[in-house]
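> task: produce atomic coordinates for the following.
(2 chains)
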Amino acid sequence: MLTYTIRRLLLSIPTLLFIAFVIFMLLELAPGDPMAQMPLTIPPEVKEKMRLALGLGEPWWVRFPLWLKQFFIVEPQYWIDQTFGTNFADGAQRIISFQSRSPVFDTIAERMPQTLWVVGMSYVVGVLIALPIGIISAYRQYSVFDNVGTFVSMIGFSVPPFFSGVVLIVIFSVSLGWLPSIYDTTHQVVDWDTFVFQLRQMIMPVMVLALQTTAQVSRYMRASMLDNLGQDYVRTARAKGMTESVVVMKHVLRNSMIPVITVIALGIPSIFGGAIITEQIFKVNGLGQLLIIALQGSDIPMVMTITFLLAVLIVMMNLIADILYGILDPRIRYD
Amino acid sequence: MTDQAVDTAVEELTKPRNQWLDVWDQFKTHKGAVVGLGFLIFITLFCAIGPLIWDVDPGKLDIRNKDVRPIYMAIFDSEAKTSWARPMGTDHLGRDIMANTMQGGRISLAVGWTAMILAVLIGTLVGVFAGYFKRLDGLLMRFTDLVLSLPILPLLLVMMLLFRDPLRAVFGPEQGIFILIVTGIGITSWMQTARIVRGDVMAIKEREFVLAARSIGTPARRMITRHLLPNVLSPIMVSATLGLATAIITESALSFLGLGFPSDFPTWGKILFDSVDRMTAFPERVIWPGLAISLTVLSVNYIGDGLRDALDPRIRGQ
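The predicted model follows:
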């Protein structure tokens, strides 16, 4: 298991390098120009100097390794320096945003908590709703509950977040006036009232994202439970005279959770993708909104870094899912 | 399938049973799928034939008749500004919403179908090659895994933003964006099809009839087109329906983020995006295009569900 983990970790390095290269070349080959927005009255030689100041003067085979060095060596050094008060970085050049002229990672660190709160909460809520639905749907297959559950998860698959979010706003903010439609990120939780306000403004974005998670995870949970409920060991357990709750909740559920846990791990990156849209609807100033703003302003270092971070997340979650599968299921042997 | 056509022609006396007739019989038993198919046909006709009957120019500005509410609003509120000439109302520039919904549906559905066909073509090609030729398998599947670990939505946004202007200059505003969106969605959503097709091809390759075909000297090209492809057709069709659903959603998501078609060319996602600012006063303007997207995708998903059952010979005929 350990050798497998190490082998996979080593294999993920070329994968990530390839992904970084693809993203970099896409941005490089694209005919878009970060100077396109500048006034036409700027003389060409000044424009050339501005390009140099943005670090665009060098060819790509110089800038790509430089970006890699900044991402993998310089930025962690700064991070260590900040945490432990050391001085590894020694004033090395960080990745600088074209738009704000401040280090990209500082901006990302500012935006991260909002996204993590909304996305993380929605994922937890979605999974917590999905598991019981999946279990009951499978245990009472073809019952009314199962049919309703199937229909609801079909809707969860089909209704895009930009529509479900807008409908929620129309109903709960416009018609009923119960919930705020704009997420106030400057809000600080200090006492009970502010906590309630925070809760109220989080309900809608969390529910929009959770609907999609619930749809997916409950389907997998149901299918996996159905697979296991027909197995011989379930009949044995019942024949031994075990109570139904022990059979279902201990024997079947534990075995059914193995594939579901990997699905849960694999779904985390896609929920960040969904957050891009949800943040746009509810005006959450998180990572997704940052990415959109950076895209519109041709802020190449920012776009590159955020996209690459998402790719790292995907690769890591794939790895974690595979390793979890090996740990949880003794039948799987990777060696 | 051509064999079966010949067979049925020969056996006139016995009741002819075509494989696709069986599939259709099984498909009909799935209520959701039949309703979904009905709705998909309805919405396609609504968008395709609708503009011929309702010949209002979707782009025509009629500022005197702006902000007309849909006709059913007259029931709730007799003061509301409604007009039988504008049954679904007009937007803030007086453009007819019904004509816009039809025109937008045309583009949305066209993008969805074309992108799906492109993705299925690439996926089938990669899957068949990886499954049939052992030498290509490792390389192609490594590549598929790599593409699967790319963050799709951000990359699509980057592509949209960076390649929009040059393509627009070459192919014209509508054609350029259409090509860009279709290729973007197509080359980022073929991976699941490739994986499924590869697995099935590898399983079928070990069967006796393939061995028999090989023993009489069938070349690889004919082996693939005649023996392998017809047998993997059902998983391809199921993943095609899923591909259509995701393509429609992705296109509207791009339009919703303001990176899709330019504003003179309505798509359902674009209409929704343009109406969000005024949804407090005119909620119907976001509800209609949103419902059109959601119901289309829902019906396509149900069709996929029904097809999966209908194409599975173990379920069929029970």
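> check what pLDDT A:G55 gets.
Looking at A:G55, its pLDDT reads 67.
> show me the residue of the stretch 101-250 of chain B that gets nearest to chain A, please.
B:L162 (3.1 Å; C-beta to the nearest C-beta). C-beta coordinates here come from the backbone N, C-alpha and C atoms, glycine included.
> my read is that that residue contacts A:M25, right?
No. Contact criterion C-beta atoms under 8 Å: B:L162 and A:M25 do not qualify, at 11.6 Å.
> from A:R51, how far out is A:D299?
15 Å (C-beta to C-beta, to the nearest Å).
> neighbour count winner among these two?
The neighbour comparison of A:D299 against A:R51 (other C-beta atoms under 10 Å in any protein chain shown) goes to A:D299, with 22 against 14.
> so the more buried one touches A:I95, yeah?
No. Assessed by C-beta under 8 Å, A:D299 is found out of contact with A:I95, at 11.1 Å.
> hmm, back to that, in what helix or strand does the residue of the stretch 101-250 of chain B closest to chain A lie?
If you go by DSSP states H and E, B:L162 is part of helix B:152-171.
> elements contacting that helix?
helix A:2-29, helix A:253-282, helix A:287-296, helix A:300-328, helix B:173-188, helix B:233-256 (3 or more C-beta pairs under 8 Å, 6 or more residues apart in numbering or on different chains; DSSP states H and E).
> can you state the direction angle for that helix and helix B:233-256?
Helix B:152-171 and helix B:233-256 are oriented at 80 degrees to each other (axes from the mean of the first three to the mean of the last three C-alpha atoms, to 10 degrees).
> what angle do helix B:152-171 and helix A:253-282 make?
50 degrees.
> what's helix B:152-171 in contact with?
A:23, A:26-27, A:30-32, A:273, A:276, A:291-292, A:295-296, A:298, A:303, A:306-307, A:310, B:176-177, B:179-181, B:184-185, B:188-189, B:250, B:253-254, B:257, B:259-260 (C-beta atoms under 8 Å, 6 or more residues apart in numbering or on different chains).
> quick one: name the residues of the stretch 201-318 of chain B near chain A.
With C-beta under 8 Å from any C-beta of the partner chain as the criterion, the stretch 201-318 of chain B meets chain A at residues B:245, B:249, B:252-253, B:256-257, B:259, B:269, B:272-273, B:276, B:279-280, B:283, B:286-287, B:290-291, B:293-294, B:297-298, B:301-302, B:305.
> would you mind listing where the stretch 201-335 of chain A has pLDDT under the threshold?
A:334-335 (pLDDT under 70).
> residue in it nearest to chain B?
For the stretch 201-335 of chain A, C-beta to the nearest C-beta, closest residue to chain B: A:L310, 3.8 Å.
> the closest residue to that residue other than its chain neighbours: neighbour count?
Counting by C-beta to C-beta, 6 or more residues apart in numbering or on different chains, A:L310 lies nearest to B:P151, which is 3.8 Å off, once chain neighbours are set aside. Other residues near B:P151 come to 26 when the count uses other C-beta under 10 Å.
> same question for A:Q280.
22.
> spatially central residue in the chain, please.
The chain I'm using is chain A. A:F272 (2.7 Å; C-alpha atoms, centre = their mean).
> chain B is the one I meant
Geometric middle of chain B (C-alpha atoms, centre = their mean) lands on B:L244, at 2.5 Å.
> can you pull the contacts of the nearest residue to it once chain neighbours are set aside?
Nearest residue to B:L244 in three dimensions, chain neighbours excluded: B:M116, at 4.3 Å (C-beta to C-beta, 6+ apart). Contact analysis of B:M116 by C-beta under 8 Å, 6+ apart lists B:A240, B:G243, B:L244, B:A247.
> what's the most distant pair in those?
B:A240 and B:A247 (10.2 Å; C-beta to C-beta).
> between those two, which one's more packed in?
Using other C-beta under 10 Å as the criterion, B:A240 and B:A247 rank with B:A247 on top: 28 against 21.
> the more buried one: what's it in contact with?
Contacts of B:A247 (C-beta under 8 Å, 6+ apart): B:V111, B:G112, B:W113, B:A115, B:M116, B:A119, B:I185, B:S189.
> so how far is A:R331 from the residue lying closest to A:L229 once chain neighbours are set aside?
In space, and not counting its chain neighbours, A:L229 is closest to A:V252: 5.9 Å by C-beta to C-beta, 6+ apart. Applying C-beta to C-beta, the value for A:V252 to A:R331 is 16 Å.
> ok, longest helix in chain B?
The single longest helix within chain B, with elements called by DSSP state H, is helix B:97-132.
> from the chain's centroid, how far away is it?
Offset of helix B:97-132 from its chain centre (C-alpha atoms, centre = their mean, to the nearest Å): 5 Å.
> what is the burial count for A:T194?
Neighbour count for A:T194, taken as other C-beta under 10 Å: 12.
> do I have it right that it meets A:R200?
No. Counting by C-beta under 8 Å, A:T194 sits too far from A:R200 to count as a contact (10.6 Å).
> which strands or helices does the helix or strand hosting B:I43 pack on?
Using DSSP H and E, the element containing B:I43 is helix B:31-48. Using 3+ C-beta pairs under 8 Å, 6+ apart as the contact test, the elements touching helix B:31-48 are helix B:19-28, helix B:97-132, helix B:284-311.
> save those as a markdown table, and put in mean pLDDT too.
Formatted as a markdown table, those follow (pLDDT from 0 to 100):
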| stretch | mean pLDDT |
| --- | --- |
| helix B:19-28 | 81 |
| helix B:97-132 | 89 |
| helix B:284-311 | 86 |
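> need the ones you listed in a markdown table (columns: distance to A:A321).
What follows is the helices and strands packed on helix B:31-48, written out as a markdown table (distance: least, C-beta to C-beta, whole Å):
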| stretch | distance to A:A321 |
| --- | --- |
| helix B:19-28 | 35 |
| helix B:97-132 | 22 |
| helix B:284-311 | 25 |
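> what about residue 46, how many neighbours?
I'll assume chain A. 11.
> nope, chain B please
B:F46: 18 surrounding residues under other C-beta under 10 Å.
> that one: what's it in contact with?
Here B:F46 is in contact with B:M102, B:G105 (criterion: C-beta under 8 Å, 6+ apart).
> check B:M88 too.
B:P70, B:I71, B:D96, B:I97, B:M98, B:T101, B:E284, B:W288.
> and the pLDDT at B:E11?
Reported pLDDT for B:E11: 51.
> isn't A:A275 up against A:V119?
Yes. Counting by C-beta under 8 Å, A:V119 is a contact partner of A:A275 at 4.9 Å.
> so which of the two has more stuff around it?
Legend: neighbour count by other C-beta under 10 Å for A:A275 and A:V119, higher for A:A275 (27 against 24).
> against A:G230, how distant is the more buried one?
Taking C-beta to C-beta, one finds A:A275 at 38 Å from A:G230.
> quick check: of the contacts of B:M88, which lies closest to chain A?
Nearest to chain A among the contacts of B:M88, with distances taken as C-beta to the nearest C-beta, is B:E284, at 9.6 Å.
> helix/strand/coil for the closest residue to the closest one other than its chain neighbours?
Leaving out its chain neighbours, the residue that sits closest to B:E284 by C-beta to C-beta, 6+ apart is B:P70, at 5.3 Å. When classified by DSSP: H, G, I helix; E, B strand; the rest coil, B:P70 comes out as coil.
> where does A:Q216 sit, in terms of helix or strand?
Using DSSP H and E, A:Q216 falls in helix A:192-229.
> that concludes my questions; thank you for your assistance.
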